[in-house]
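Colleague: Curious how this folds, go ahead:
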Amino acid sequence: MKNLLLRGLPALALAALPLLATAVPASADGPASAATLPAASETTSLFEGIDRIPVAAESRDGYVRTAFKHWNAGALPDDGCNTRAEVLLQEAVDYPEIAPGCKLTGGRWFSLYDDTWVTAASGLDVDHLVPFAESWDSGASAWTAKRREAYANDLGSPTSLIAVTAKSNRAKADKDPAEWLPPAATYHCAYATGWVETKLRWSLAADDREREALLGLAEDCPGATVTYEPVPFGAVK
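Modeller: Next comes the predicted model:
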């Protein structure tokens, strides 16, 4: 049910286009919503992906949520829908009506965190799979403001952002997999692979407890793989 529609395209155009596996990537040096040439994707096992994440102590010194500008105008700045709305449109199981100003009415979504159907966009949060505070702790504190904006509005990866119930997202808050896992155990493997893909995509580190938790999850996910397109540090200025 996830990634049913291409992110960032106007709703009326979606029906006329074939399904694509990836969304519009972030800009090389302009607004984070603009398109650029895609990076080469990499695929490896979940265990190998975990090993590729550097291990480092975390620090939250200086963190403020406003360091990550969100939501911006999304993949198509002229469509009236911001990044949050574009994720909701992309993940809708039953498509909502779109009123002026990208106000969404009706529609239906499935929250993978807690196996819950949601019938109003207002009942959903768009979660950053790796939360802002966790990314700050893991390396984003040294990024430029533009790179943090690109991270906060990442439509270039199908796992960076996910629409889930507000209840489950707020229970998660800024916790990593050593501290919180989705209530739906059937989603744990996908959650682990998405977490690892996001950390690798954005060159983020992990602390020891987080790494051990991910390795424990990987034990229960035989054959799981991670696929990611790295965002080089020079790609977003």
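
Colleague: Once you drop chain neighbours, what's closest to residue 151?
Modeller: Of all residues not flanking residue 151 in the chain, residue 202 sits nearest, at 5.9 Å (Cβ to Cβ, 6 or more residues apart in numbering). C-beta here means a position set from N, CA and C on the backbone, and glycine is covered the same way.

Colleague: Kindly provide the distance from the one you found to residue 217.
Modeller: Per Cβ to Cβ, to the nearest Å, residue 202 is found 20 Å from residue 217.

Colleague: So if I had to pick from these two, which one is more boxed in?
Modeller: residue 202 (25 against 21; other Cβ atoms under 10 Å).

Colleague: Can you show me the helices along this protein?
Modeller: Using DSSP state H, the helices of the chain run over residues 11-14, 46-52, 83-91, 132-137, 145-152, 166-172, 188-201, 208-219.

Colleague: The fifth one versus helix 188-201: what angle between them?
Modeller: Translated: helix 145-152. Per axes from the mean of the first three to the mean of the last three Cα atoms, to 10 degrees, the angle that helix 145-152 makes with helix 188-201 is 160 degrees.

Colleague: Run the chain-centre distance for helix 145-152.
Modeller: Put simply, helix 145-152 sits 13 Å off its chain's centre (Cα atoms, centre = their mean, to the nearest Å).

Colleague: contact partners of it?
Modeller: 26-27, 32, 67-72, 83, 128, 132, 135, 140, 143, 160, 202, 231, 233, 236-237 (Cβ atoms under 8 Å, 6 or more residues apart in numbering).

Colleague: Thought residue 112 was touching residue 190, still the case?
Modeller: Yes: judged on Cβ atoms under 8 Å, residue 190 makes contact with residue 112 at a distance of 7.2 Å.

Colleague: and these two? which has more neighbours close in?
Modeller: Neighbour tally, residue 190 and residue 112, criterion other Cβ under 10 Å: the higher count belongs to residue 112, 22 against 17.

Colleague: What sits closest to the more buried one if chain neighbours are left out?
Modeller: In space, and not counting its chain neighbours, residue 112 is closest to residue 187: 4.9 Å by Cβ to Cβ, 6+ apart.

Colleague: give the contact list for the one you found.
Modeller: Taking Cβ under 8 Å, 6+ apart as the contact definition, residue 187 lies against 112-113, 115.

Colleague: How about residue 214?
Modeller: Counting by Cβ under 8 Å, 6+ apart, residue 214 makes contact with 50, 177, 192, 195-196, 206.

Colleague: repeat that for 10 Å
Modeller: Residues near residue 214 by Cβ atoms under 10 Å, 6 or more residues apart in numbering: 46-47, 49-50, 53, 176-178, 192-193, 195-196, 199, 206.

Colleague: Find the pair from these with maximum spatial separation.
Modeller: Largest separation among the contacts of residue 214 by Cβ to Cβ: 47 and 176, giving 18.1 Å.

Colleague: Tell me how far the residue nearest the centre of the chain lies from residue 98.
Modeller: Per Cα atoms, centre = their mean, the C-alpha nearest to the average position across the chain is that of residue 160, at 1.5 Å. Applying Cβ to Cβ, the value for residue 160 to residue 98 is 23 Å.

Colleague: Could you do residue 80 as well?
Modeller: The value you get for residue 80 to residue 98, if Cβ to Cβ is used, is 8 Å.
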